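Chemist: sequence and computational prediction follow.
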Amino acid sequence: MVDRATFPRDKACSEYMSPEGARHLSALGVLEAVEEQGGRQILGTTVHAPRGSSLTGLFARAGHAAFRASGLSVSRRLLDGALVEAAQRAGATILEGVTAIGVVRDGAAVGGLVVRDRDGAVRELRAPITVGADGLRSVVAREIGSRRPARLRRYAFVAHLSGVAGLGQTAELHVSARGYIGINPLGGGLANVALVVPHTEVEPSKGRAEPFFFERLGRFSGIGERLRSAIIEREVMVTGPFDAWSRRVTAPGALLLGDAADFFDPFTGEGICAAFRGAELAEPLIRAALERPGTGALAEYARRRRAAFLGKWVIERAIGYAMLAPGFFDRSVARLERRGLAHTLIGVTGDFVPPRAVLNPVFLSQVVF
Ligand SMILES: Cc1cc2nc3c(=O)[nH]c(=O)nc-3n(C[C@H](O)[C@H](O)[C@H](O)COP(=O)(O)OP(=O)(O)OC[C@H]3O[C@@H](n4cnc5c(N)ncnc54)[C@H](O)[C@@H]3O)c2cc1C
């Protein structure tokens, strides 16, 4: 494994996972360690719509058996560090501080990576299969994925704060006509606070991310009050624009995982689970491709991804566009709450309730009418 970062490191993320995330961590043997070191269990999500309505979706009431009744909030410093250690224990060699700058071409196939070492030296790392799990600005995706920007191009400003008043046992999302914020209790008195705005609004933040962050948070109803005694414990990290997807997720000798393949809007908190799920789908195909080179075993990956993610792509896009229509969003949130449907939706975005529980005429008509 090659990563340009040196672990442990921070990452701009809302640091929220559904029970399905906990399942993946358990399967990888890191759940217990992560929880012991500071992960905090959360019970679901509360959404506050622009004109005052709200819903709370609880994992335990989603109507399908989840891995457990709680999700997990955990800093990426802790989580990613634990994953790196688990990979090492499993036998992986990890080259930290090494940056992929391109792929090695063997004719039409990918034959490994071109990397730049810490000392600036450039070399080739050859491999029978190259997995591009290098995130939103993936070098591997740029070379093989036919990368496309999506239409909702957003930026995020993310900090860890202490002293945020009124934290509960659910993650919070507060939506306005011009973006949204996520507040996620991390335990130990800390909260992850993320502000997400359209790319058209970021100009005034240049060189003054922190004042911009607090000024924009203060525009959300009731938030300024709750942040009155808040203290920044980790600087504001800025990331964006963060909407892009790859038309192709495989090439001969290579495959894309996680954000390198496609990006889920942070609103639904699905990216980490989707990355793990993609790895679950890819693993048997990579094994087959290694055992039977030249048989095109990786090509099946795109179809399996489509089967696994199509419903979630539709729901995530629909929520993203609904947020652009504040009146509609507000009424939909009110109906979901009043009709007891919020739990199902949180279960679907949390990956343990099938999308068809939401993508059916009965459910949709109850949201719209
Ligand atoms: C503001 C924000 C909030 C989010 N909140 C949530 C949330 O609450 N819950 C959730 O599930 N998802 C959330 N997401 C999405 C989530 O962060 C991603 O979907 C998830 O991290 C994807 O994992 P990944 O392994 O594909 O990429 P990453 O986690 O980005 O990992 C990519 C790795 O590749 C390395 N890398 C990148 N380029 C190179 C290179 N050229 N050479 C070598 N190494 C390289 C990086 O150092 C990094 O370690 C959020 C995203 C954003 C932007």
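Modeler: It's in.

Chemist: what parts of the chain come near the ligand?
Modeler: The chain comes close to the ligand at residues 2-5, 12-17, 99-100, 133-135, 139, 156, 158, 194, 239, 242, 258-260, 266, 269-273, 275, as judged by CB under 6 Å from any ligand atom. C-beta: built from backbone N, CA, C; applies to glycine.

Chemist: selecting buried members of these in PyMOL, what would you type?
Modeler: Buried subset of the residues of the chain next to the ligand, written as a PyMOL selection, criterion 16 or more other CB atoms under 10 Å:
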select buried, resi 2+3+4+12+13+14+15+16+17+99+100+133+134+135+139+156+158+194+239+242+258+259+260+266+269+270+271+272+273+275
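
Chemist: which stretches of the stretch 251-369 of the chain form helices?
Modeler: 271-291, 300-322, 326-338, 342-349, 361-368 (DSSP state H, counting those that start in this stretch).

Chemist: okay, the first one in CSV with CA atoms only?
Modeler: The C-alpha atoms that make up helix 271-291 are tabulated as CSV, following Å, rounded to 0.1, in the frame of the first residue of the first chain:
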residue,chain,number,x,y,z
GLY,A,271,-18.8,7.5,2.0
ILE,A,272,-16.9,5.4,4.4
CYS,A,273,-19.4,2.5,4.3
ALA,A,274,-19.6,2.8,0.5
ALA,A,275,-15.8,2.5,0.3
PHE,A,276,-15.8,-0.6,2.6
ARG,A,277,-18.7,-2.1,0.6
GLY,A,278,-16.9,-1.5,-2.7
ALA,A,279,-13.9,-3.3,-1.2
GLU,A,280,-16.1,-6.2,-0.3
LEU,A,281,-17.4,-6.4,-3.9
ALA,A,282,-13.9,-6.1,-5.4
GLU,A,283,-12.0,-8.6,-3.2
PRO,A,284,-13.2,-11.9,-4.8
LEU,A,285,-12.8,-10.4,-8.3
ILE,A,286,-9.2,-9.3,-7.5
ARG,A,287,-8.5,-12.7,-6.2
ALA,A,288,-9.9,-14.3,-9.4
ALA,A,289,-8.0,-11.9,-11.6
LEU,A,290,-4.7,-12.8,-9.8
GLU,A,291,-5.4,-16.5,-10.1
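
Chemist: relative to helix 342-349, how tilted is that helix?
Modeler: 30 degrees (axes from the mean of the first three to the mean of the last three CA atoms, to 10 degrees).

Chemist: could you dump the helices of the stretch 251-369 of the chain into JSON lines with mean pLDDT added?
Modeler: JSON lines is the format used below for the helices of the stretch 251-369 of the chain (pLDDT from 0 to 100):
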{"stretch": "helix 271-291", "mean pLDDT": "96"}
{"stretch": "helix 300-322", "mean pLDDT": "92"}
{"stretch": "helix 326-338", "mean pLDDT": "95"}
{"stretch": "helix 342-349", "mean pLDDT": "95"}
{"stretch": "helix 361-368", "mean pLDDT": "93"}
